[in-house]
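> What follows is a protein structure lacking sequence information:
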């Protein structure tokens, strides 16, 4: 049976980092005019702003705030460093509550000066330290497993199975996982692990883009959907088979696209989403 493409923009969300050259006022206005229905706000876009008023502005343009990016980066070789990370995550939860974002995405972090197992232990301890505040604020946390190439500094959680295991260990309705196709498309256990997190209510977010061939930069060369080798429709079908009805969030880091006209870039994202999402 063929996999159906998306037919409208009702579940399209764009991350502010995707159109990085725009300030948040411009991004909100342009997303709304383009028919985008959701927005995930990156914390840098809120610097120096009245966060509560910014949330009101976003909703006033008809956009749903999907999540705040990003918390995490818990591991550190010193207790002082780990406490700074916990404090920053508590601040991210407060910012999400002020903005009206129901979710904070966690890029969990890693410290190359210590074994991955130790970084994973510190991630668990960091989440344990902030989860009560997330619950009190009514803000969920989503562990985002990252591609193994980022295991040095960005995350010691590198498979969806690892993220699922950690979420299961807490067994909290306030903690789940974010599935980003860029990070997990290669995983031979992907379908099984998507079904696992979806069946227990832990699937909280779904991010899309594409993996270019060849990839010229492991961080800043993501592609628009349809430009690369990720089976986006197949993964979306697995995600939606679990009952997930959330947004499809376009998260693209690209020096190439950031250097181009952002209006044209946003139009390409819309077209690619309808053709390949």
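Thanks, I have the structure now. From a predicted model like this one, the values you see are computed outputs, not experimental measurements.
> before we move on, what SS does residue 219 have?
With DSSP: H, G, I helix; E, B strand; the rest coil as the basis, residue 219 sits in coil.
> Do I have it right that residue 217 meets residue 255?
Yes. With contacts defined as C-beta atoms under 8 Å, residue 217 counts as touching residue 255 at a distance of 7.1 Å. Where C-beta positions appear, they are placed from N, C-alpha and C, glycine not excepted.
> any residues in contact with both of these two?
Common contact partners of residue 217 and residue 255 (C-beta atoms under 8 Å, 6 or more residues apart in numbering): none.
> contacting residues around residue 37?
By C-beta under 8 Å, 6+ apart, the residues touching residue 37 are 9-13, 62-64, 247.
> Of these, keep whichever come out buried.
Among those, those classed as buried by 16 or more other C-beta atoms under 10 Å are 9, 11-13, 63, 247.
> Check the residues you listed and tell me the two furthest apart.
The span of the buried ones among the contacts of residue 37, defined through C-beta to C-beta, is set by 11 and 63 at 12.8 Å.
> what do those two both touch?
Listed as contacting both residue 11 and residue 63 by C-beta under 8 Å, 6+ apart are 37-38.
> follow-up on the earlier one: could you tell me which of the contacts of residue 37 are located in strands?
Counting by DSSP state E, the contacts of residue 37 place 12-13, 64 in strands.
> Do you have the strands of this structure handy? List them.
Counting by DSSP E, the strands of the chain are 12-15, 38-42, 64-72, 103-107, 140-143, 175-180, 203-208, 210-211, 222-223, 248-250.
> With mean pLDDT and distance to residue 134 added, can I get those in JSON lines?
JSON lines is the format used below for the strands of the chain (pLDDT from 0 to 100; distance: least, C-beta to C-beta, whole Å):
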{"stretch": "strand 12-15", "mean pLDDT": "98", "distance to residue 134": "21"}
{"stretch": "strand 38-42", "mean pLDDT": "98", "distance to residue 134": "17"}
{"stretch": "strand 64-72", "mean pLDDT": "98", "distance to residue 134": "9"}
{"stretch": "strand 103-107", "mean pLDDT": "98", "distance to residue 134": "7"}
{"stretch": "strand 140-143", "mean pLDDT": "98", "distance to residue 134": "5"}
{"stretch": "strand 175-180", "mean pLDDT": "98", "distance to residue 134": "8"}
{"stretch": "strand 203-208", "mean pLDDT": "98", "distance to residue 134": "12"}
{"stretch": "strand 210-211", "mean pLDDT": "98", "distance to residue 134": "31"}
{"stretch": "strand 222-223", "mean pLDDT": "98", "distance to residue 134": "28"}
{"stretch": "strand 248-250", "mean pLDDT": "98", "distance to residue 134": "20"}
